[in-house]
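**Q** Based on what follows, work out the 3D shape:
(one chain, ligands or ions: 1)
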Amino acid sequence: MKRNVIFCFSGTGNCLDLAQNIARGLGNTDIIMMRSAPVVTDVRAAERVGFVFPCYGGGAPADVLKYARTIQVSPTAYTFGVSSSASYAGTGLYELDKIIPLHYWRTVTHHCSCIWLFPHTMMLPLLSVEKAQRRSEKLAQEIAFDVATGKVSDKRPPHNPLNAAENKGFGAMLAQKAKGFKVSDACIGCGQCARLCPRGNIRLEGGRAVIGTDCAQCLGCLQFCPKSAISLGKITDKREHYHNPNIRAEDLMQTVIEFK
Ligand SMILES: Cc1cc2nc3c(=O)[nH]c(=O)nc-3n(C[C@H](O)[C@H](O)[C@H](O)COP(=O)(O)O)c2cc1C
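**A** Residues are numbered from 1 along each chain as shown. Alright, predicted model coming up:
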């Protein structure tokens with residue numbers, strides 16, 4: 001095991017790109033993907049253990065907290081958390097801190113991946129994809145420096161009760177929301193969405209994707225579809241699709257990504 005470990009959940013690549021840039025800054029790092037159950041959970045040999053994940057509906061994706069409960073960290077390890085969101089970080093880091101107390105945490109805003117809610121350009125502050133990307137890369141360098149030098153945050157992560165209530169409601173509506181997925185005749189049955197889905201919720205039938213209701217709302221299927229054949233409500237047909245410019249669907253399918 002490397003000296004540093006970063007657990008990463010990412011639907012459309014912003015968090016994976018961020019985690020990779022932090023790992024490059026730190027060196028000697030394994031990124032362990034936690035889109036599905038992580039393949040490594042005992043990281044007691046690591047000196048620094050981090051988590052990078054997005055804000056979904058006011059908090060952490062439920063799977064992030066579920067998998068975090070399975071992870072064994074050395075009591076002497078330095079721990080850190082980074083949450084990416086379009087505008088507000090929500091309660092994800094606060095909830096993670098209750099499971100794995102964090103020495104250091106940061107929040108980062110990037111383009112919005114929730115295509116049914118907002119166009120991706122609705123990130124706050126408003127920035128072009130290129131500028132948001134440069135900003136994220138600069139923040140990753142700062143975070144890597146802080147982590148390498150053992151910086152400790154002087155406050156606990158934020159806990160806004162409104163975000164907490166929003167996140168509770170969000171979890172409850174996931175299956176209902178997923179009933180709205182449509183696959184158009186543009187589908188070529190390439191199967192990328194099925195391979196990418198962290199919950200195994202997509203199958204191919206008669207050369208066409210069929211999407212079930214066990215959905216984490218990561219929206220990777222929709223945002224990476226090479227034919228834009230997947231929609232989730234009429235508005236998503238009209239909006240430009242978005243995924244992080246540096247990340248391909250295959251990158252998200254890896255289980256462990258090593259940085260020397
Ligand atoms: C289903 C869903 C819900 C989201 N909810 C929020 C939210 O409550 N607040 C926010 O600021 N951003 C929200 N976002 C935006 C993401 O947190 C943001 O785009 C993040 O950078 C995505 O990271 P990823 O590309 O690694 O998946 C949401 C995105 C999705 C897909």
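
**Q** Mean confidence (pLDDT) on stretch 94-114, please.
**A** Mean pLDDT, computed over stretch 94-114, is 98.

**Q** Next: stretch 25-40.
**A** The average of the pLDDT scores along stretch 25-40 is 98.

**Q** same check, this time on stretch 235-251
**A** Averaged across stretch 235-251, the pLDDT comes to 98.

**Q** Only the buried residues of that stretch, if you could.
**A** Neighbour-count burial for stretch 235-251 flags 236, 241-244, 247, 249, 251 (criterion: 16 or more other Cβ atoms under 10 Å). For every residue, glycine as well, the C-beta is placed using N, CA and C.

**Q** What of stretch 95-115?
**A** 95-97, 99-100, 102-115.

**Q** one step back: from the buried residues of stretch 235-251, which is closest to the ligand?
**A** Nearest to the ligand among these, counting by Cβ to the nearest ligand atom, is N244 at 5.7 Å.

**Q** Excluding chain neighbours, what is closest to the closest one?
**A** G13 (3.0 Å; Cβ to Cβ, 6 or more residues apart in numbering).

**Q** what about that neighbour, distance to the ligand?
**A** Note on G13: its distance to the ligand, by Cβ to the nearest ligand atom, to the nearest Å, is 5 Å.

**Q** just L117 next, same as before
**A** Using Cβ to the nearest ligand atom, L117 is found at 7 Å from the ligand.

**Q** Find the helix or strand that that residue is a member of.
**A** Using DSSP states H and E, L117 sits within no helix or strand.

**Q** residues contacting the closest residue to N160 other than its chain neighbours?
**A** Counting by Cβ to Cβ, 6+ apart, N160 lies nearest to T91, which is 6.6 Å off, once chain neighbours are set aside. Remark: with contacts taken as Cβ atoms under 8 Å, 6 or more residues apart in numbering, T91 is in contact with 58-60, 157-160, 163-164, 167.

**Q** Among these, which are located in strands?
**A** Among the contacts of T91, none falls in strands (DSSP state E).

**Q** near the ligand, from those?
**A** G58 (Cβ under 6 Å from any ligand atom).
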